[in-house]
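Participant: pasting the sequence and the predicted coordinates here, then a few questions.
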Amino acid sequence: MNNTGLSIHINDGLRTLAHIDNFSFTMNKITFLFGESGIGKSMISKAVYGLLDPNELQIKINDKDYQNYLDLPVTRQIKQNGFFVFQEPSSHLNTLLKIEDQLNEGAIDQHLDEKTILQTLWDTTDDDTIKKIIGIYPRPYRPSGGEKQRILLAMAFKKINLMLQPSGSSSFSLFVFDEPTGSLDNHFRNLFLQLLFDKFSRKQFTSLFITHDYSIISRIMNHHQNMIDAIDFKELARSDSGKVTLNFFSPEQYLSWLKRIQKIPGRTDGIESPKSEVLRIHKHFRIYNREYSIYSDAGCNHSTDLIIHRGEMVYLKAGSGVGKTTMAKILMGLQPAEQVEFEIAGIKISEQSGPGVWKKSIWGKKMGMVFQHADEALNLETTVKESLDGLKNKKLRGEFLKSKLEELFEDKIDDEFLSKKVKYLSGGQKQRLNLVRTLALDVDLIILDEPLNGLDFISIQKTLDWLQEKQRAGKAFLIISHNEEIFENLIDSNRTYFLNFQ
Amino acid sequence: MNNLFKKIERRSASIYSQKDKFWLIVWFGILSLTLIWNILFLNKPALDLVIEGFLNTLYISALVVILSFILGWIIGLFVARFETSRFQILYFVLTFILNIIRSIPQIIGILLGYMGITYLITANILHNHWLIMTTMALIISLFIFNEVIDLIRERVNHFRKLDFYNAMKVCGISENRIINFDILWKNSRIHILNKLIAIFGSAIFLQCTIDFIISVGLSTQVSSVSLPTTLGSLLAKIDSKQDILAIGNTLMNPSYFSHIFFEHLQGVTVAFLIVFTLLAVYKISNGFAERNRL
């Protein structure tokens, strides 16, 4: 496997799900794998780890049947000695078994320093906090997504500890982390990275780290310089032939781009008048019997109204699960609040306002919203053209429609692309279509919930350039995103607000 | 030649694996054989009656499917829209009416409808053959279309919980388009088609049951003779009844078996057409659901 490209072809009987000729990773190194969503990172990794079912999918590895690959001693070693942290932690956890029991199942049924791992991942020395979390049966929202993710990471670290023991196996092992930080805020992500690198420093192992979070690069370059030689950054990209290729990704490319990002001043004339205000949210509101407040500082000491003017990009920050998306849905009239007050382009709204207000005056007229998961926000059964057909903007037809799409898609848009079903687009293409659909509207304000979800580095750059162009043209944006590093570089700190509850 | 055989073999295997298509072909094939057999061995007046009865049954059932679909879709839309509108009273009134219809057993409801048809015929208001059949279909539809509404409501409510419904709404896309095009047409038409296949089978079953019952006598002036001939009414004819009894006779007298297919063809054919068509529709519906992973 070392330095040797694996040719992997996965087909579900109807179409190719992933096809790559040069998949490789270096032994005893941590390989960070980037690439747009839907390109096949997880599927390829699962194929390498031996997790796919040869009866369900047609899989060839190096032109041989998958069963041959599964029967290889090295594949058996991978499964025996390694661990695979799934992207969706809920699918990994058994709802009929207490978490503490699941933490001690199979090969990890020993002590293996479990307490220290859990305390590190939760950044606590308090045993009770941990006991409360692991002493329960997993349910859809309990523990939270971030906590479930850390439980899986704890299992992986126990398996790593098993390998680190003097009696541990010396044969090949592979640890795959599939989007392990997707539900973690930067603080907990950094704790996890620190623990991973600490373990690696004790004994080198092979790891594949799938992520969309390019800011991990800055973290490593700034805080883990000693690890750089032990790390490869790679990116999966789609070639013209439809195959996927694996390329080295230069961290400098990302870091230098980050430095080059220029902020756009909020108002071109420098004067903020009430007339230019497109949104004003009163600083306090209440949902689910919780008192929420908006603050102007990260310490959450100074509460303030959230104000957005034309041509401004405002960043709303809060920890995972605090309620950023909920707040966006309240603004869009999709969720009721017990007490709220805001004004959208002159229209005053409170908890008393009926749903007709949004339908009559706001949706598609004053405000739009891009939902965070393109896969769920788009109708996958429609074609690209049909997904834009019902918009209020009647100009979106023929050549104009193509030119609008070309603003964000790298290729020339032709009729074949327009008649392609959304479900057959890659994850990145879906996200761009998701953005185009809302940004094609003639509205004053757009809420962008995780707008960079699923995009590769090139698409991220292109999307941000495009958003800035729209901003210059007078559109206002409210951004909700975990990509703190990127948006902190793009948006003035005085246009950043913080959300918290008491 | 070898290639031709291989091609035929591949094609046959492909059709066999798609059970709905396979059973559709089997249905047509067996119907054709039955027709040929009847042309050869059934007397002309009886043959004409069987063909008329079968075609009328299919016509009424097909019309039931179309009417249930139209009624179900339109009223289903009203229910879905009223459910989330400010005018909750309209939602309650409409669902109350639908629930009253639902509470009436289908056979009782259709029998009551047929009493209405009987009255219209005796009053000489309804006398056109096609109009009578259309009215029969409409009455059967009234007691079946709730199934289409239930499916439409289920599909709309399911998609309303997903992000794409809200994401489209906040883009200003009209709710009519989201429900009709995005939810029902793009994401539910296979489910609806499967439901319509099942309704086709139910319509044949209900029609035959009711026609058989009324053929015993619903009115002194109007009898099954006044209504268009269907498989159900044909089965109730004295000739057919005797033919069916002949099948029973073969249990005691097996040597009589060969006579059934030559001397008792009318009743045997009608009974076979009803049973085999219902079986084929059932298999087609199951195969369709399996092929489309419903």
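Facilitator: Yep, it's here. Numbering: from 1, shown residues only, chains lettered A, B, ... in the order given.

Participant: which positions in the stretch 1-150 of chain B make contact with chain A?
Facilitator: Residues of the stretch 1-150 of chain B lying close to chain A by Cβ under 8 Å from any Cβ of the partner chain are B:Arg86. For glycine as for every other residue, the C-beta is placed from the backbone atoms N, C-alpha and C.

Participant: where does pLDDT dip in the stretch 1-150 of chain B?
Facilitator: Across the stretch 1-150 of chain B, the ranges flagged by pLDDT under 70 are B:1.

Participant: ok, which stretches of it are helices?
Facilitator: Along the stretch 1-150 of chain B, the stretches classed as helices by DSSP state H, counting those that start in this stretch are B:2-17, B:19-41, B:44-83, B:88-103, B:106-122, B:129-142, B:146-160.

Participant: skipping adjacent residues, who's closest to the residue in the stretch 151-300 of chain A that chain B sits nearest to in space?
Facilitator: For the stretch 151-300 of chain A, the residue closest to chain B is A:Leu279, as judged by Cβ to the nearest Cβ, at 14.5 Å. Excluding the flanking residues, the one nearest A:Leu279 by Cβ to Cβ, 6 or more residues apart in numbering or on different chains is A:Ile308, at 4.3 Å.

Participant: and B:Ile25, by the same measure?
Facilitator: Residue nearest to B:Ile25 in three dimensions, not counting chain neighbours: B:Ile15, with 6.8 Å by Cβ to Cβ, 6+ apart.

Participant: quick one: residues contacting the one you found.
Facilitator: Under the criterion of Cβ atoms under 8 Å, 6 or more residues apart in numbering or on different chains, the contact list for B:Ile15 reads B:Lys21, B:Phe22, B:Ile25.

Participant: just those residues now: which is nearest chain A?
Facilitator: Checking those against chain A with Cβ to the nearest Cβ, the nearest one is B:Lys21 at 18.0 Å.

Participant: quick one: contacts for that closest one?
Facilitator: Per Cβ under 8 Å, 6+ apart, neighbours of B:Lys21: B:Ile15, B:Gly287.

Participant: same thing but 7 Å
Facilitator: Shown in contact with B:Lys21 (Cβ atoms under 7 Å, 6 or more residues apart in numbering or on different chains): B:Ile15.

Participant: what does A:Leu258 give?
Facilitator: Shown in contact with A:Leu258 (Cβ under 7 Å, 6+ apart): A:Asn489.

Participant: alpha carbons of stretch A:326-344, as PDB, please.
Facilitator: What follows is stretch A:326-344 as a C-alpha-only set of coordinates in PDB (Å, rounded to 0.1, in the frame of the first residue of the first chain):
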ATOM      1  CA  THR A 326     -32.800  28.000  14.800                       C
ATOM      2  CA  MET A 327     -32.400  31.800  14.800                       C
ATOM      3  CA  ALA A 328     -32.100  31.900  11.000                       C
ATOM      4  CA  LYS A 329     -35.300  29.800  10.800                       C
ATOM      5  CA  ILE A 330     -37.100  32.200  13.100                       C
ATOM      6  CA  LEU A 331     -36.000  35.100  10.900                       C
ATOM      7  CA  MET A 332     -37.300  33.300   7.900                       C
ATOM      8  CA  GLY A 333     -40.700  32.500   9.600                       C
ATOM      9  CA  LEU A 334     -40.100  28.800   9.600                       C
ATOM     10  CA  GLN A 335     -40.000  28.400  13.300                       C
ATOM     11  CA  PRO A 336     -42.000  30.300  16.000                       C
ATOM     12  CA  ALA A 337     -40.300  32.100  18.900                       C
ATOM     13  CA  GLU A 338     -41.800  32.900  22.300                       C
ATOM     14  CA  GLN A 339     -40.600  36.400  22.200                       C
ATOM     15  CA  VAL A 340     -38.700  38.100  19.300                       C
ATOM     16  CA  GLU A 341     -38.600  41.400  17.600                       C
ATOM     17  CA  PHE A 342     -37.000  42.300  14.300                       C
ATOM     18  CA  GLU A 343     -37.400  44.500  11.300                       C
ATOM     19  CA  ILE A 344     -36.700  43.400   7.700                       C
END
